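> This is a predicted model, with the sequence first.
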Amino acid sequence: GRLFAWITDGNMIAVARDPLLLNWEKLPGNPVIPIVEADDSGYPYRVFDPCIWAEEDGYYALSGTQKDGGNRSMRFRKDCQMVEHLFFSKDLQSWRYEGQFVDGGRYTQRGEDGAVPYFWPLGDKHILLFASHMRGSQYFLGDYDRARRKFKPFLHGRFNFGPIGHGGVHAPSATPDGHGGCYVIHNMNEGIEPCGWRQIMSLARVLTLRPDHTLGIEPIRSMDKLRTTPKRVGPMLLEANRETVLDDIRGNTIEINAIIDPQDANQLSLDVLRSPDLSEFTSINFLRNAHASYRTCELAHKDAIVIDTSRSSLRSDILSRPPEIAPFELHESEDLHLRIFIDRSVVEVFINGRQCLAQRVYPQRPDSLGLSIQSRGRQSVLRELTCWQMKSIW
């Protein structure tokens, strides 16, 4: 096993030869890629958060983070640009700088860097996962030109849709799943002031390449083994503008699997972690045509999925955050399929196998355990809803 890690002096290599990878030895020439003095624009490169893989001719390594953003490894200016730097080695000790890895395409905002890169095959394409210290975890899908050692993205997406702090999805860690996809797990920031420690981990997710060359996002299959005590409701007509409280569906360590035909409703709302008096609840919303504008023909995504935590807690130490709004397009005649995982302070929502949002919440009341559903504007149909209490992952 080989461990490639970053310290303040640069990138280092450690090697483990035992099968359980318990004993590690650092190479004597560390740091193998030292930090160099960069100019005011950040050239030639900074090294930070390395990712390493082997090919037939040797070893390749990516190292974030940005250009045009100052000459210190952790200094980010509002005009910096995301970039990943590529290095090559025959022996893991002597590394040659190959230049910037991402070829063309400006998908991220100015002020975003490219920290914690992970580069893996995904079907017949490749995925580059990374995070910025402004907007959090995200990805590129693209083509890897092995002759030029360049990665050309054709699609950009995010796992975090607001600021990185105050309960946001921070950074990915990823590995191939052995079946053409990859597993990813994310750091999640606190939504309250940290007290001696910070961040937890999201659920592990399986990323796959869909036939239309978009990203498939699902929870790992082993989550099904934690299910217990199922309760089901539906089918049920959801009358327009009338909240329906599902009295038998309660809990704060649960999975909810809901299939809804929205028909002509312009909004669907599921309120989870709901107190009986509505003083606390977290609202999960599907919004039809939420991104419509005068030039609707130019929009790739018209609908949206929202997690609104503005009334999730009565606590005085909550860090405020705007609603998390993710683009999503529900195809014609397609049902809305929501898989919602609630684990006390975390709400994660998977939508139709191709989008996911997650947020931190901190209900104060012990009875904030309920669930309600509502169709806004016009009626819709709840085809079925199943809720499982979830056993501890440990």
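Looks like it arrived, so ask away.

> give me the element Ala14 is part of.
Following DSSP states H and E, the helix or strand that holds Ala14 is strand 10-15.

> actually Asp40, not the one I typed
Under the assignment given by DSSP H and E, Asp40 is not contained in any helix or strand.

> per-residue pLDDT, it?
Looking at Asp40, its pLDDT is 71.

> Kindly report the same for Ser89.
On pLDDT, Ser89 comes in at 97.

> now it, which residues is it bridged with?
Tyr59, Trp95 (DSSP bridges).

> how many neighbours does Glu55 have?
For Glu55, the number of neighbouring residues by other Cβ atoms under 10 Å comes to 10. Using the backbone N, CA and C atoms, a C-beta is placed for each residue, glycine as well.

> returning to what we had before: which helix or strand lies directly C-terminal to the strand holding Ala14?
Toward the C-terminus, strand 10-15 is succeeded by strand 25-26 as the next helix or strand (DSSP H and E).

> Could you say which helix or strand holds Ile340?
strand 336-343.

> Direction included, what does that strand pair against?
strand 253-261 (antiparallel), strand 346-351 (antiparallel).

> re earlier: show residues contacting the strand holding Ala14.
Strand 10-15 is contacted from outside by 1-6, 24-27, 30-35, 47, 50, 61, 63, 92-93, using Cβ atoms under 8 Å, 6 or more residues apart in numbering.

> just stretch 324-333 next, same as before
158, 160-162, 262, 286, 288, 290-291, 300-309, 336, 351-352, 354-357, 359.

> Of those, which belong to strands?
Judged by DSSP state E, the contacts of stretch 324-333 include 158, 286, 303-308, 336, 351, 355-357, 359 as members of strands.

> Can you report how many residues lie near Gly353?
Neighbour count of Gly353, defined by other Cβ under 10 Å: 15.

> pLDDT at it, what is it?
Confidence at Gly353, expressed as pLDDT, is 98.

> returning to that earlier point: can you tell me which of the contacts of stretch 324-333 are buried?
Applying 16 or more other Cβ atoms under 10 Å to the contacts of stretch 324-333, the neighbour count classes 158, 160-162, 262, 286, 288, 290-291, 302-309, 336, 351-352, 354-357, 359 as buried.

> Which two of the ones in strands among the contacts of stretch 324-333 have the greatest separation?
Within the ones in strands among the contacts of stretch 324-333, Arg158 and Leu336 form the most distant pair, 20.5 Å apart (Cβ to Cβ).

> Output the lowest mean pLDDT helix or strand found in this structure.
strand 2-7 (a mean of 81; mean pLDDT, DSSP states H and E).

> Could I get the buried residue list for stretch 228-237?
Residues 233-234, 236 are the ones in stretch 228-237 that count as buried (16+ other Cβ under 10 Å).

> which of these lies closest to Arg321?
Distance to Arg321, by Cβ to Cβ, is smallest for Val233 among these, at 30.9 Å.

> got the phi/psi numbers for Arg321?
Note on Arg321: its backbone torsions stand at phi -150, psi 140 [degrees, to the nearest 10].

> for it, what are its contacts?
Counted by Cβ under 8 Å, 6+ apart, Arg321 has contacts 162-163, 166-168, 191, 309, 359.

> Tabulate those residues in CSV, adding columns for pLDDT.
Converted to CSV, the contacts of Arg321 look like this (pLDDT from 0 to 100):
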residue, pLDDT
Gly162, 91
Pro163, 89
His166, 94
Gly167, 95
Gly168, 94
Gly191, 95
Thr309, 97
Gln359, 97
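
> From the residues you listed, which land in helices?
With DSSP state H as the criterion, helices contain none of the contacts of Arg321.

> packing partners for the host helix or strand of Ile52?
Here Ile52 sits within strand 50-55, counting by DSSP H and E. Contact partners of strand 50-55 among helices and strands, from 3 or more Cβ pairs under 8 Å, 6 or more residues apart in numbering; DSSP states H and E: strand 2-7, strand 58-67, strand 115-122.

> Pull out the buried residues from it.
Neighbour-count burial for strand 50-55 flags 50-52 (criterion: 16+ other Cβ under 10 Å).

> What of stretch 384-394?
Within stretch 384-394, the residues that count as buried by 16+ other Cβ under 10 Å are 385-390.

> Reformat these as JSON lines; add pLDDT.
JSON lines is the format used below for the buried residues of stretch 384-394 (pLDDT from 0 to 100):
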{"residue": "Leu385", "pLDDT": "98"}
{"residue": "Thr386", "pLDDT": "98"}
{"residue": "Cys387", "pLDDT": "98"}
{"residue": "Trp388", "pLDDT": "98"}
{"residue": "Gln389", "pLDDT": "98"}
{"residue": "Met390", "pLDDT": "98"}
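
> Help me confirm that Met223 is found in a helix?
Yes. Counting by DSSP: H, G, I helix; E, B strand; the rest coil, Met223 falls inside a helix.

> Give me the neighbour count for it.
Residues near Met223, counting by other Cβ under 10 Å, number 17.
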